[in-house]
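Asker: okay, sequence plus prediction incoming.
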Amino acid sequence: MSDGTARDGATRDGATLDGAARVGPARILDGTSIATEFKAVIRSDVAAFVARYGRVPALAVVAAGSDAPSMVYLRQILKSCETVGIEGRLIELGDDTTPTSLAAAVATLNADPQIAGIIVQMPLPRGLPLRAVIDVIDPVKDIDGIHPLNAGLLRLGYDGFLPATAHAAVEMLRRSDIPIAGRTAVVIGRSAVVGMPAAFLLVKADATVTVCHSKTVNLAEHVRRADIVVTAAGHPGLITGSMLKPGAVVIDVGINVVGGRLVGDVDFASASTVASAITPVPGGVGPLTNALLLSHLIAAARRQAGEVVPTGVRST
Ligand code: NAD
């Protein structure tokens, strides 16, 4: 069933405080309730795994440094593990982590048969190249899809582990019955872990996609053409209502701490009066990312036990 077109196309007269045409109030895309539905399924998959193999699958969460938004995200994942019966193991490497010590920690987890999946805090602190992880992490345990094998499978359209955040951004649209095929999408951010995989997934879902980044000239011009805006820049207030096409769908992936509060990249107050649908921060992409990560984890555990299963929920 798809009711997104009607909602997305609706317009009302009037103008917002920042001068944009008014459409909203936007439908709030509630990641927490979608995640709750996912977690119920994951919980029963984990229970079935434990009954079959007599052991609890474990997720290793590697933190190199103490970046505040990343730590918030990692703690939420560990909490989510508990709620579905997965063992979550936090490996804190501290601020003096070197590429060599990070690679060694990942190699140790590769060799640990209890560990079904490994994720590493992203973005990595300055001085720690992504290669320290991707050169080492076992692709079968790479449930956040950063290994070149999984990234390549995504690029080629095959089944591999997807980066969970990018997966969540697109799954949010699907679960909310928002059509993607044929629509114009703008992704803000070109990182290997969020922006680019989100763009590839949207292309795979038949959107026409523009990727914007820190060197993009006149971001607003691109954003204004988009039916779907996915922002993953880590820049609070980057997207305001006046930049949006009336009726656009806004998926805010950004996580920023401002004055002790979590906010996204989108100025929610102005954007929600112009957009037809919008994710809140917190409570949008974040909880769904966690749930999808756990679905990747149970798929990894089952694959390592010799079962033939897909790598998680399909995104398109
Ligand atoms: P990153 O720093 O690696 O990449 C940021 C990207 O945004 C870059 O490509 C950069 O060019 C672009 N950018 C930065 N400022 C910009 C600007 N002013 N205009 C246009 N583009 C700009 O970060 P990342 O790892 O890709 O994460 C992006 C955001 O998503 C961060 O806020 C991060 O905390 C958040 N995040 C959220 C989740 C989640 O589950 N919701 C998970 C991971 C990351």
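Answerer: Happy to help now that I have it. Numbering: from 1, shown residues only.
Asker: tally of neighbours for residue 262?
Answerer: 18 (other C-beta atoms under 10 Å). Backbone N, C-alpha and C define where each C-beta goes, glycine included.
Asker: same check, this time on residue 216
Answerer: Burial of residue 216, expressed as a neighbour count using other C-beta under 10 Å, amounts to 16.
Asker: try residue 47
Answerer: For residue 47, the neighbour count with other C-beta under 10 Å is 12.
Asker: what's near enough to touch it?
Answerer: Neighbouring residues of residue 47 by C-beta atoms under 8 Å, 6 or more residues apart in numbering: residue 85.
Asker: next one, pLDDT for it please.
Answerer: Per-residue pLDDT puts residue 47 at 98.
Asker: with residue 15 instead?
Answerer: Residue 15 is assigned 43 on the pLDDT scale.
Asker: kindly report the same for the one 10 residues further on.
Answerer: Each residue has a pLDDT score; the one for residue 25 is 90.
Asker: which one is it nearest to, not counting chain neighbours?
Answerer: Closest residue to residue 25 in three dimensions, ignoring its sequence neighbours and counting by C-beta to C-beta, 6 or more residues apart in numbering: residue 272, at 5.9 Å.
Asker: run a quick neighbour tally on the spatially closest residue to residue 147 that is not a sequence neighbour.
Answerer: Spatial nearest neighbour of residue 147, chain neighbours left out: residue 139 (4.3 Å); criterion: C-beta to C-beta, 6+ apart. Residues lying near residue 139 (other C-beta under 10 Å) number 17.
Asker: now do the same for residue 139: helix, strand or coil?
Answerer: Counting by DSSP: H, G, I helix; E, B strand; the rest coil, the backbone at residue 139 sits in coil.
Asker: and this structure, which of its residues are near the ligand?
Answerer: When proximity is defined by C-beta under 6 Å from any ligand atom, the chain lies next to the ligand at 69, 73, 122-123, 165, 188-191, 193-195, 212-214, 216, 219, 232-235, 238, 253-256, 285-286, 289.
Asker: these in helices, which ones?
Answerer: Using DSSP state H, the subset of those located in helices is 69, 73, 165, 195, 219, 285, 286, 289.
Asker: give me every residue that touches the residue in the stretch 51-200 of the chain that the ligand sits nearest to.
Answerer: Taking C-beta to the nearest ligand atom, the ligand has its nearest neighbour within the stretch 51-200 of the chain at residue 191, 3.1 Å off. Contact partners of residue 191, counting by C-beta under 8 Å, 6+ apart, are 123, 232.
Asker: that older thread, list buried residues within the ones in helices among the residues of the chain next to the ligand.
Answerer: By neighbour count, with 16 or more other C-beta atoms under 10 Å, these hold 73, 165, 195, 219, 285, 286, 289 as buried.
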